[in-house]
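Chemist: sequence isn't available, so here's the structure alone:
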(Lines give C-alpha, C1' and ligand atoms only; values in the text may rest on other atoms or scores of the structure.)
Protein backbone atom coordinates (compact mmCIF):
# COMPACT_ATOMS: atom_id res chain seq x y z
CA UNK A 1 0.00 0.00 0.00
CA UNK A 2 1.24 3.51 -0.75
CA UNK A 3 2.51 5.17 2.43
CA UNK A 4 0.21 8.17 3.00
CA UNK A 5 -2.80 6.06 2.09
CA UNK A 6 -1.85 3.41 4.65
CA UNK A 7 -2.65 5.94 7.39
CA UNK A 8 -5.98 6.70 5.76
CA UNK A 9 -6.94 3.06 5.57
CA UNK A 10 -6.01 2.39 9.18
CA UNK A 11 -7.93 5.50 10.31
CA UNK A 12 -10.95 4.25 8.36
CA UNK A 13 -10.74 0.78 9.88
CA UNK A 14 -10.44 2.11 13.43
CA UNK A 15 -13.34 4.54 12.98
CA UNK A 16 -15.59 1.84 11.52
CA UNK A 17 -14.63 -0.62 14.24
CA UNK A 18 -15.52 1.96 16.88
CA UNK A 19 -18.86 2.67 15.19
CA UNK A 20 -19.55 -1.03 14.92
CA UNK A 21 -19.80 -1.41 18.68
CA UNK A 22 -23.38 -0.11 18.53
CA UNK A 23 -24.43 -2.12 15.50
CA UNK A 24 -27.96 -3.54 16.04
CA UNK A 25 -26.91 -7.05 14.99
CA UNK A 26 -24.00 -7.00 17.42
CA UNK A 27 -20.39 -5.82 17.47
CA UNK A 28 -19.02 -9.29 16.64
CA UNK A 29 -21.20 -9.59 13.52
CA UNK A 30 -20.04 -6.17 12.37
CA UNK A 31 -16.35 -6.80 13.07
CA UNK A 32 -16.42 -10.05 11.07
CA UNK A 33 -17.85 -8.37 8.02
CA UNK A 34 -15.64 -5.30 8.41
CA UNK A 35 -12.50 -7.46 8.48
CA UNK A 36 -13.71 -9.46 5.49
CA UNK A 37 -14.41 -6.30 3.49
CA UNK A 38 -10.95 -4.91 4.21
CA UNK A 39 -9.12 -8.19 3.63
CA UNK A 40 -10.84 -8.58 0.27
CA UNK A 41 -9.00 -5.49 -0.98
CA UNK A 42 -5.70 -5.92 0.85
CA UNK A 43 -3.67 -6.50 -2.33
CA UNK A 44 -4.88 -3.35 -4.06
CA UNK A 45 -1.95 -1.14 -5.13
CA UNK A 46 -3.48 1.46 -7.46
CA UNK A 47 -3.68 4.68 -5.38
CA UNK A 48 -6.75 5.84 -7.32
CA UNK A 49 -8.63 2.65 -6.52
CA UNK A 50 -7.57 2.83 -2.89
CA UNK A 51 -8.86 6.41 -2.64
CA UNK A 52 -12.18 5.25 -4.09
CA UNK A 53 -12.45 2.43 -1.58
CA UNK A 54 -11.63 4.77 1.29
CA UNK A 55 -14.31 7.17 0.01
CA UNK A 56 -16.76 4.27 -0.01
CA UNK A 57 -15.75 3.53 3.59
CA UNK A 58 -16.38 7.17 4.57
CA UNK A 59 -19.79 6.87 2.98
CA UNK A 60 -20.50 3.78 5.11
CA UNK A 61 -19.53 5.81 8.19
CA UNK A 62 -22.14 8.43 7.30
CA UNK A 63 -24.76 5.75 6.68
CA UNK A 64 -24.08 4.14 10.06
CA UNK A 65 -24.32 7.49 11.84
CA UNK A 66 -27.65 8.13 10.10
CA UNK A 67 -28.87 4.63 11.03
CA UNK A 68 -27.98 5.11 14.68
CA UNK A 69 -29.59 8.53 14.80
CA UNK A 70 -32.83 7.33 13.19
CA UNK A 71 -33.08 4.32 15.50
CA UNK A 72 -32.67 6.52 18.54
CA UNK A 73 -34.98 9.26 17.27
CA UNK A 74 -37.73 6.78 16.41
CA UNK A 75 -37.43 5.05 19.79
CA UNK A 76 -37.65 8.38 21.64
CA UNK A 77 -40.56 9.56 19.51
CA UNK A 78 -42.44 6.32 20.10
CA UNK A 79 -41.87 6.40 23.84
CA UNK A 80 -42.50 10.04 24.61
CA UNK A 81 -44.87 11.44 22.05
CA UNK A 82 -48.52 10.67 21.29
CA UNK A 83 -49.01 8.95 17.96
CA UNK A 84 -50.48 11.37 15.41
CA UNK A 85 -54.15 10.84 14.71
CA UNK B 1 -20.87 38.86 29.95
CA UNK B 2 -18.88 35.67 30.07
CA UNK B 3 -20.73 34.03 27.17
CA UNK B 4 -20.46 30.74 29.01
CA UNK B 5 -22.96 27.89 28.63
CA UNK B 6 -23.31 25.09 31.14
CA UNK B 7 -24.68 21.86 29.72
CA UNK B 8 -25.81 19.10 32.04
CA UNK B 9 -25.27 15.56 30.78
CA UNK B 10 -26.49 12.44 32.54
CA UNK B 11 -25.13 8.92 32.32
CA UNK B 12 -28.11 6.59 31.94
CA UNK B 13 -28.71 3.01 30.89
CA UNK B 14 -28.56 2.92 27.08
CA UNK B 15 -31.97 3.44 25.47
CA UNK B 16 -31.75 0.18 23.48
CA UNK B 17 -31.09 -2.04 26.51
CA UNK B 18 -33.87 -4.22 27.83
CA UNK B 19 -34.38 -3.11 31.45
CA UNK B 20 -34.50 -5.78 34.14
CA UNK B 21 -35.85 -5.18 37.63
CA UNK B 22 -33.65 -6.43 40.46
CA UNK B 23 -34.89 -9.54 42.28
CA UNK B 24 -35.37 -7.60 45.52
CA UNK B 25 -37.49 -4.94 43.78
CA UNK B 26 -35.27 -2.11 45.02
CA UNK B 27 -34.26 -0.93 41.58
CA UNK B 28 -33.14 -1.99 38.13
CA UNK B 29 -30.05 -3.98 37.22
CA UNK B 30 -27.20 -1.60 36.35
CA UNK B 31 -24.08 -3.75 36.86
CA UNK B 32 -22.49 -4.71 33.57
CA UNK B 33 -25.27 -2.98 31.65
CA UNK B 34 -24.41 -0.67 28.76
CA UNK B 35 -24.68 3.00 29.72
CA UNK B 36 -24.57 6.08 27.51
CA UNK B 37 -25.47 9.76 27.50
CA UNK B 38 -29.18 10.52 27.92
CA UNK B 39 -30.55 11.21 24.39
CA UNK B 40 -32.09 14.54 25.44
CA UNK B 41 -28.75 15.57 26.95
CA UNK B 42 -27.11 14.84 23.57
CA UNK B 43 -29.54 17.28 22.00
CA UNK B 44 -28.66 19.84 24.70
CA UNK B 45 -24.92 19.48 24.01
CA UNK B 46 -25.52 19.80 20.28
CA UNK B 47 -27.47 23.03 20.77
CA UNK B 48 -24.72 24.52 22.94
CA UNK B 49 -22.02 23.54 20.44
CA UNK B 50 -24.09 24.99 17.59
CA UNK B 51 -24.35 28.30 19.50
CA UNK B 52 -20.60 28.33 19.94
CA UNK B 53 -20.06 27.58 16.23
CA UNK B 54 -22.30 30.54 15.41
CA UNK B 55 -20.11 32.58 17.80
CA UNK B 56 -23.09 33.48 19.96
CA UNK B 57 -21.46 32.00 23.06
CA UNK B 58 -17.81 31.74 23.98
CA UNK B 59 -17.44 28.56 25.99
CA UNK B 60 -19.37 25.35 26.47
CA UNK B 61 -18.83 23.54 29.78
CA UNK B 62 -20.20 20.01 30.17
CA UNK B 63 -21.27 19.01 33.68
CA UNK B 64 -22.14 15.59 35.01
CA UNK B 65 -22.96 14.41 38.54
CA UNK B 66 -22.15 10.85 39.44
CA UNK B 67 -19.47 8.24 40.02
CA UNK B 68 -16.17 7.83 38.15
CA UNK B 69 -17.95 6.46 35.08
CA UNK B 70 -19.72 9.78 34.56
CA UNK B 71 -16.44 11.03 33.18
CA UNK B 72 -17.04 8.88 30.07
CA UNK B 73 -20.24 10.82 29.48
CA UNK B 74 -18.38 14.11 29.86
CA UNK B 75 -15.77 12.83 27.38
CA UNK B 76 -18.54 12.21 24.86
CA UNK B 77 -19.75 15.78 25.33
CA UNK B 78 -16.17 17.03 24.86
CA UNK B 79 -15.92 14.95 21.69
CA UNK B 80 -19.09 16.62 20.42
CA UNK B 81 -17.50 20.03 20.87
CA UNK B 82 -17.70 21.12 24.50
CA UNK B 83 -14.60 23.01 25.64
CA UNK B 84 -14.11 21.60 29.11
CA UNK B 85 -15.86 19.41 31.63
CA UNK B 86 -16.77 19.46 35.31
CA UNK B 87 -17.29 16.15 37.06
CA UNK B 88 -19.21 16.53 40.31
CA UNK B 89 -18.26 13.39 42.16
CA UNK B 90 -21.21 11.62 43.76
CA UNK B 91 -20.99 7.92 44.56
CA UNK B 92 -22.39 5.14 46.69
CA UNK B 93 -25.51 5.85 48.76
CA UNK B 94 -25.51 9.52 47.72
CA UNK B 95 -25.62 8.52 44.07
CA UNK B 96 -28.50 6.11 44.65
CA UNK B 97 -30.60 8.92 46.10
CA UNK B 98 -29.37 11.61 43.70
CA UNK B 99 -32.35 13.26 42.08
CA UNK B 100 -33.45 16.47 40.33
CA UNK B 101 -33.48 18.51 43.56
CA UNK B 102 -29.88 17.71 44.40
CA UNK B 103 -28.69 18.09 40.80
CA UNK B 104 -30.46 21.42 40.38
CA UNK B 105 -28.81 22.69 43.58
CA UNK B 106 -25.45 21.63 42.13
CA UNK B 107 -26.18 23.24 38.74
CA UNK B 108 -27.29 26.48 40.43
CA UNK B 109 -24.11 26.60 42.53
CA UNK B 110 -21.96 25.90 39.46
CA UNK B 111 -23.78 28.53 37.41
CA UNK B 112 -22.88 31.15 40.02
CA UNK B 113 -19.31 29.88 40.41
CA UNK B 114 -18.66 29.73 36.66
CA UNK B 115 -20.60 32.92 35.89
CA UNK B 116 -22.73 31.14 33.29
CA UNK B 117 -25.13 32.98 30.99
CA UNK B 118 -27.07 29.98 29.89
CA UNK B 119 -27.82 26.50 31.19
CA UNK B 120 -29.05 23.91 28.70
CA UNK B 121 -30.35 20.57 29.93
CA UNK B 122 -32.23 17.70 28.38
CA UNK B 123 -35.95 17.91 29.08
CA UNK B 124 -35.91 14.64 31.01
CA UNK B 125 -33.77 11.59 31.63
CA UNK B 126 -34.90 8.31 30.10
CA UNK B 127 -34.27 6.44 33.35
CA UNK B 128 -36.29 8.42 35.86
CA UNK B 129 -38.43 10.54 33.48
CA UNK B 130 -38.60 13.27 36.14
CA UNK B 131 -38.62 16.32 33.83
CA UNK B 132 -37.79 18.49 36.87
CA UNK B 133 -34.12 19.43 36.93
CA UNK B 134 -34.35 22.31 34.44
CA UNK B 135 -37.36 23.84 36.12
CA UNK B 136 -35.91 23.48 39.62
CA UNK B 137 -32.58 24.97 38.54
CA UNK B 138 -34.31 28.01 37.07
CA UNK B 139 -36.32 28.45 40.26
CA UNK B 140 -33.25 28.19 42.51
CA UNK B 141 -31.43 30.79 40.43
CA UNK B 142 -34.56 32.90 39.88
CA UNK B 143 -33.83 32.76 36.13
CA UNK B 144 -36.41 32.52 33.36
CA UNK B 145 -36.87 29.11 31.73
CA UNK B 146 -37.56 27.94 28.19
CA UNK B 147 -38.55 24.30 28.58
CA UNK B 148 -39.41 21.72 25.89
CA UNK B 149 -37.49 23.91 23.45
CA UNK B 150 -37.79 22.86 19.82
CA UNK B 151 -36.20 26.05 18.51
CA UNK B 152 -33.85 28.54 20.18
CA UNK B 153 -32.83 31.92 18.76
CA UNK B 154 -30.53 34.34 20.56
CA UNK B 155 -31.65 37.92 20.02
CA UNK B 156 -29.36 40.42 21.72
CA UNK B 157 -29.68 39.83 25.43
CA UNK B 158 -32.97 37.97 25.01
CA UNK B 159 -33.78 34.46 23.83
CA UNK B 160 -36.71 33.47 21.65
CA UNK B 161 -37.82 29.93 22.46
CA UNK B 162 -40.39 27.89 20.57
CA UNK B 163 -41.78 25.34 23.00
CA UNK B 164 -43.51 22.07 22.24
CA UNK B 165 -46.63 21.92 24.34
CA UNK B 166 -49.75 19.77 24.27
CA UNK B 167 -51.77 22.23 22.20
CA UNK B 168 -49.05 22.78 19.63
CA UNK B 169 -46.19 25.27 19.70
CA UNK B 170 -45.70 28.25 22.01
CA UNK B 171 -43.20 31.02 21.27
CA UNK B 172 -41.83 33.00 24.20
CA UNK B 173 -39.14 35.62 24.66
CA UNK B 174 -37.09 35.44 27.84
CA UNK B 175 -34.24 37.41 29.34
CA UNK B 176 -30.77 36.07 29.90
CA UNK B 177 -29.39 34.51 31.95
CA UNK B 178 -31.81 31.61 31.47
CA UNK B 179 -32.32 27.86 31.68
CA UNK B 180 -33.39 25.91 28.60
CA UNK B 181 -34.43 22.28 28.36
CA UNK B 182 -34.09 20.49 25.04
CA UNK B 183 -36.92 18.62 23.36
CA UNK B 184 -36.56 15.94 20.69
CA UNK B 185 -36.92 18.17 17.65
CA UNK B 186 -34.48 20.88 18.71
CA UNK B 187 -31.65 19.53 16.57
CA UNK B 188 -29.85 16.44 15.25
CA UNK B 189 -26.97 15.61 17.58
CA UNK B 190 -23.67 14.86 15.88
CA UNK B 191 -22.04 11.50 16.44
CA UNK B 192 -18.88 11.49 18.59
CA UNK B 193 -16.55 9.67 16.19
CA UNK B 194 -13.23 8.17 17.21
CA UNK B 195 -11.00 11.00 15.86
CA UNK B 196 -13.05 13.55 17.85
CA UNK B 197 -12.82 11.41 20.96
CA UNK B 198 -9.05 11.26 20.57
CA UNK B 199 -8.86 15.04 20.20
CA UNK B 200 -11.12 15.47 23.23
CA UNK B 201 -8.62 13.65 25.45
CA UNK B 202 -6.62 16.88 25.58
CA UNK B 203 -9.57 18.80 27.04
CA UNK B 204 -9.74 19.23 30.80
CA UNK B 205 -12.26 17.72 33.17
CA UNK B 206 -12.25 19.36 36.59
CA UNK B 207 -13.18 17.29 39.64
CA UNK B 208 -15.49 18.88 42.20
CA UNK B 209 -17.21 17.58 45.33
CA UNK B 210 -20.77 18.66 46.19
CA UNK B 211 -19.51 19.81 49.62
CA UNK B 212 -17.15 22.24 47.83
CA UNK B 213 -20.21 23.85 46.30
CA UNK B 214 -22.00 23.94 49.64
CA UNK B 215 -24.67 21.52 48.46
CA UNK B 216 -26.44 19.12 50.79
CA UNK B 217 -27.26 15.88 49.04
CA UNK B 218 -29.79 14.49 51.51
CA UNK B 219 -32.82 13.21 49.69
CA UNK B 220 -36.35 13.75 50.93
CA UNK B 221 -37.55 10.81 48.88
CA UNK B 222 -37.35 7.11 49.59
CA UNK B 223 -37.85 4.46 46.95
CA UNK B 224 -40.25 1.91 48.38
CA UNK B 225 -40.57 -0.51 45.49
CA UNK B 226 -39.63 -0.96 41.86
CA UNK B 227 -41.57 -3.48 39.80
CA UNK B 228 -42.33 -4.48 36.23
CA UNK B 229 -45.36 -2.94 34.54
CA UNK B 230 -48.39 -5.29 34.62
CA UNK B 231 -48.52 -7.81 31.79
CA UNK B 232 -50.90 -6.73 29.09
CA UNK B 233 -54.05 -8.83 29.08
CA UNK B 234 -54.89 -10.47 25.78
CA UNK B 235 -57.72 -8.81 23.91
CA UNK B 236 -61.01 -10.48 23.00
CA UNK B 237 -62.90 -10.40 19.75
CA UNK B 238 -66.72 -10.24 19.72
CA UNK B 239 -69.20 -10.92 16.90
CA UNK B 240 -71.89 -8.30 17.41
CA UNK B 241 -72.46 -4.97 19.15
CA UNK B 242 -74.78 -6.71 21.65
CA UNK B 243 -71.94 -9.06 22.58
CA UNK B 244 -69.66 -6.08 23.11
CA UNK B 245 -72.15 -4.33 25.38
CA UNK B 246 -72.70 -7.61 27.27
CA UNK B 247 -68.98 -8.05 27.87
CA UNK B 248 -68.56 -4.43 28.98
CA UNK B 249 -71.42 -4.86 31.47
CA UNK B 250 -69.79 -8.03 32.79
CA UNK B 251 -66.55 -6.20 33.36
CA UNK B 252 -68.46 -3.51 35.21
CA UNK B 253 -67.45 -0.82 32.76
CA UNK B 254 -70.97 0.13 31.68
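Modeler: Ah, there it is. Predicted model, so just to flag it, every value in this text is computed and none were measured.

Chemist: which residues of chain B lie near chain A?
Modeler: Selection of chain B residues close to chain A by CB under 8 Å from any CB of the partner chain yields B:15-16, B:39-40, B:126, B:184, B:188-189, B:191, B:193-195, B:197. Glycine gets a C-beta too; all of them are placed from N, C-alpha and C.

Chemist: give me the neighbour count for residue B:253.
Modeler: Residue B:253 has 7 neighbours, counted by other CB atoms under 10 Å in any protein chain shown.

Chemist: ok but it is inside a strand, no?
Modeler: No: Residue B:253 sits outside any strand when classified using DSSP: H, G, I helix; E, B strand; the rest coil, being coil.

Chemist: helices along chain A, start to end?
Modeler: A:3-19, A:27-40, A:47-80 (DSSP state H).

Chemist: please apply the same query to the stretch 1-150 of chain B.
Modeler: Under the criterion DSSP state H, counting those that start in this stretch, helices of the stretch 1-150 of chain B are mapped to B:39-53, B:70-80, B:93-96, B:100-114, B:133-141.

Chemist: what's the weakest-modelled helix or strand in chain A?
Modeler: The least trusted helix or strand in chain A, going by mean pLDDT, DSSP states H and E, turns out to be helix A:3-19, with a mean of 90.

Chemist: mind checking how far it is from the chain centre?
Modeler: From the chain centre to the centre of helix A:3-19 is a distance of 11 Å (CA atoms, centre = their mean, to the nearest Å).

Chemist: what about the longest strand seen in chain B, distance to the chain center?
Modeler: Criterion DSSP state E: the longest strand present in chain B is strand B:145-155. Here strand B:145-155 is found 16 Å from its chain centre; the criterion is CA atoms, centre = their mean.

Chemist: and that strand with helix B:133-141, angle?
Modeler: Interaxial angle, strand B:145-155 versus helix B:133-141 (axes from the mean of the first three to the mean of the last three CA atoms, to 10 degrees): 80 degrees.

Chemist: contact residues of chain A facing chain B?
Modeler: For chain A, the residues found near chain B under the criterion CB under 8 Å from any CB are A:11, A:14-15, A:18-19, A:24, A:61, A:65, A:68-69, A:71-73, A:75-77, A:79-81.

Chemist: mind checking which of those residues are buried?
Modeler: Listed as buried from these are A:15, A:19, A:61, A:68, A:72-73, A:76, A:80; burial here means 16 or more other CB atoms under 10 Å in any protein chain shown.
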